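Chemist: Need coordinates for the below:
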Amino acid sequence: MIDVSEHLAAILEAVRPLIPESRDVAAARGRVLRYPVSAAVDVPGFDSSAMDGFAVRDLDAPATLRVVADLPAGTDLDPPMDAGDAARIMTGAPVPTDATAVVPFEETARGLAGGLEPVEVVVAPRAPGAHIRRRGSDVRQGDLVVEAGVRLTAARIGAIAASGVGTVEVSRAARVAVVSTGSELVAPGTELRRGRIPESNSVLLAGLAEEAGADVVLRTSVDDEGDGPRRAIAAAEAAGADVVVFSGGVSAGAYEVVKNTLGDLMRFDRVRMQPGKPQGFGRTPAGTLLFGLPGNPVSAAVSFELFVRPALRALEGDVELGRAQVRVALAGGWRARPGRTQYVPVSLDRSDPQRWRATPTPRGTRGLGQAEGLAVIPSRDDDLAPDALVTVALW
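Modeler: Residues are numbered from 1 along each chain as shown. As a prediction, the model looks like this:
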């Protein structure tokens, strides 16, 4: 058997990142930025008012001032001002060059209601520059705004747009084909006869791929006999797939169709993990990545998390290949397995924000549906005591 880290390293070594594409920043949310973005302009681009109120000059005590201008946001006016003058100004408007501070309207006698009538300032500015956002105080032209290798969130694309950049270089979504194997499989909702089961793995794995940011271009199933896997690869490549994920057909049985038909393209290993010991991986001559996962749904889901998801993120150039992790107490303890790392679906009790607790979910697909993460139980000779701390990868 080989370690999880060894199998993952072989997979990541085979990954060739996708060619970047230009995309309008407004259409780039969810994509991975391939090159760093630097500000095209100063932010803000001029000294601007941080408050609705009155721009004043050299005012150090309460006074009644003459209002010489009205400055809404977007104006290009720059009225001259003497001591004793004020300009009514709105948030975001350019501050007159001669002004030294802004007085919020709440600190005047009548607020904004007086229009261009004289304004009575009842609280003088606390210091020169009060309530003025100086040019470039957020970002200077040329400053780094967003680094490469991160997935673009709404906040990140907002920061990019605010810095005057309209297009970015990102990875497109990885294209995935999902293929379930098994002559016993029928479509969910179909009437079952003896020996048949609903086909759920392609639904599960396609959903996990989409949650990882990929586009699913093919979802199908093949029988345990014949050259179905090879025909599925051909269909996947015709659809532009970067990755083909098989579930089932990779173990040691007599009808392991993936293992029996794709030995020239894939390597099949036993990995020191539970669940999910049998694993397959390879590449086609065209460069399509091939994954062979176990057929048990929980094993398939765990295997996807450990091996397929990091590969999909690496294809996009994402620097974060894994899930966010926390250290939490595992309720009830756990029986360890020497020689195998265990990955246990758990639900999380967050009622005490200072001390989360993880509880293993029931075995099988129902428990998988309740899981909020995977607890990692390292290989060890002694069992875990109740409330022992474990690492949980958050879903």
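Chemist: which secondary element of the chain has the worst mean pLDDT?
Modeler: Scoring the helices and strands of the chain by mean pLDDT, DSSP states H and E places strand 197-198 at the bottom, with a mean of 88.
Chemist: How far away from the center of its chain is it?
Modeler: Centroid separation between strand 197-198 and its chain, computed with Cα atoms, centre = their mean, to the nearest Å, is 33 Å.
Chemist: partners of it in the sheet?
Modeler: The pairing partners recorded for strand 197-198 under DSSP bridges are strand 185-186 (parallel).
Chemist: per-residue confidence averaged over the strand it pairs with?
Modeler: Throughout strand 185-186, pLDDT has a mean value of 91.
Chemist: Same check on stretch 91-106?
Modeler: Throughout stretch 91-106, pLDDT has a mean value of 98.
Chemist: Figure out the length between the terminal residues of that stretch.
Modeler: Across stretch 91-106, the straight-line distance between its terminal residues is 14 Å, by Cα to Cα, to the nearest Å.
Chemist: And stretch 270-281, by the same measure?
Modeler: Span of stretch 270-281 from end to end, Cα to Cα: 11 Å.
Chemist: now stretch 325-341
Modeler: Separation of the first and last residues of stretch 325-341 by Cα to Cα is 16 Å.
Chemist: Could you pull out the buried residues of that stretch?
Modeler: When burial is assessed from 16 or more other Cβ atoms under 10 Å, stretch 325-341 yields the following buried residues: 328-331, 334, 336-337, 340-341. For glycine as for every other residue, the C-beta is placed from the backbone atoms N, C-alpha and C.
Chemist: and if you look at stretch 126-143?
Modeler: Taking 16+ other Cβ under 10 Å as the neighbour-count basis, stretch 126-143 is seen to contain the buried residues 130-133, 135-136, 138-139.
Chemist: I would like the residues contacting it, please.
Modeler: If you take Cβ atoms under 8 Å, 6 or more residues apart in numbering as the criterion, stretch 126-143 is touched by 38-51, 53, 95, 99-104, 125, 145, 162-163.
Chemist: Can you flag which of those belong to helices?
Modeler: Cross-referencing the contacts of stretch 126-143 against helices under DSSP state H gives residue 162.
Chemist: Are we agreed that residue 176 is in a strand?
Modeler: Yes. Note on residue 176: a strand contains this position according to DSSP: H, G, I helix; E, B strand; the rest coil.
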